[in-house]
Structure formats: C-alpha cells, structure tokens
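>>> Attaching a predicted model along with its sequence, questions to come.
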Amino acid sequence: MRRKFEGTDRGKRVVADDGSAVGTIVRTNGDRARVLLDPSRSGQSDPTAESGSRTTVTIDRRRVAESTNDRVRLVEDADPTEARGRA
C-alpha cells in the first residue's frame, strides 16, 4: 500500500499476514491509522486492562501489504500490539 490512509479506510477490518483478525480501523491520519483491536487481541496486549476497555494501536502504511475494499492485510512481520495505546 503506497497511498496514504483515507477516510474511506475507516471501518475496514485489519488482518495479520496469516489472516487472523487484528481489529478495525477507527481513525486515519495520512501515513497512520488507529486500529481498535479485536477483544482477543486486546487481552493479549495488555493484561492489566480493565474489562470492557477499548485498546487501540497505530499502524503505519509501510506495514500494510494489501488493501481491498473491505480489509487491510499487514506485512508478515508486523505486530500491531507492539505500539498499543488507549483511546
């Protein structure tokens, strides 16, 4: 994906290279997008998180291997939980 993230990317599912669910894009800002992690990923990334809390991560467009109309697939070595933060 060479283009910048756009508003039309909001709502797209984000998947790892192996096809496992990562989350959903909730905000875009040029080269970066904020992704709301799936609950299964949220618990893994922050064991101290409160129940029901929303965990987000930022992904850079250089970590995207492919973008279609409904999903964004990350490159093989991309681990979105490395750059986690709270929304």
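Arrived safely, thanks for sending. All values derive from a computational prediction rather than experimental measurement.

>>> Heading C-terminal from the strand with the most length in the chain, find the next helix or strand.
Using DSSP state E to define each element, the chain has its longest strand at strand 21-29. Later in the chain than strand 21-29, the nearest helix or strand by DSSP states H and E is strand 32-37.

>>> so Thr58 makes contact with Leu37?
No - if you go by C-beta atoms under 8 Å, Thr58 and Leu37 don't touch, sitting 11.4 Å apart. In short, each C-beta sits where N, CA and C put it, glycine included.

>>> quick one: which of the two has more around it?
Taking other C-beta atoms under 10 Å, Thr58 and Leu37 do not tie; Leu37 has more neighbours (24 against 16).

>>> Show me the beta-bridge partners of that one.
Leu37 has these beta-bridge partners by DSSP bridges: Gly23.

>>> Distance of it relative to Arg3?
Applying C-beta to C-beta, to the nearest Å, the value for Leu37 to Arg3 is 24 Å.

>>> got the contact list for the spatially most central residue of the chain?
With distances taken as C-alpha atoms, centre = their mean, Val35 lies nearest the centre of the chain, 3.7 Å away. Neighbouring residues of Val35 by C-beta atoms under 8 Å, 6 or more residues apart in numbering: 14, 22-26, 56-59, 80.

>>> Now with 10 Å, please.
For Val35, the residues meeting the contact criterion (C-beta atoms under 10 Å, 6 or more residues apart in numbering) are 12-14, 22-27, 41, 55-59, 72, 74, 80, 83-84, 87.

>>> per-residue confidence for it?
Reading off the confidence values, Val35 has pLDDT 95.

>>> Against Arg13, how distant is it?
For Val35 relative to Arg13 (C-beta to C-beta), the value is 10 Å.

>>> Then Arg61?
From Arg61 to Arg13 the distance is 17 Å (C-beta to C-beta).

>>> And the helices in this structure, which stretches?
39-45 (DSSP state H).
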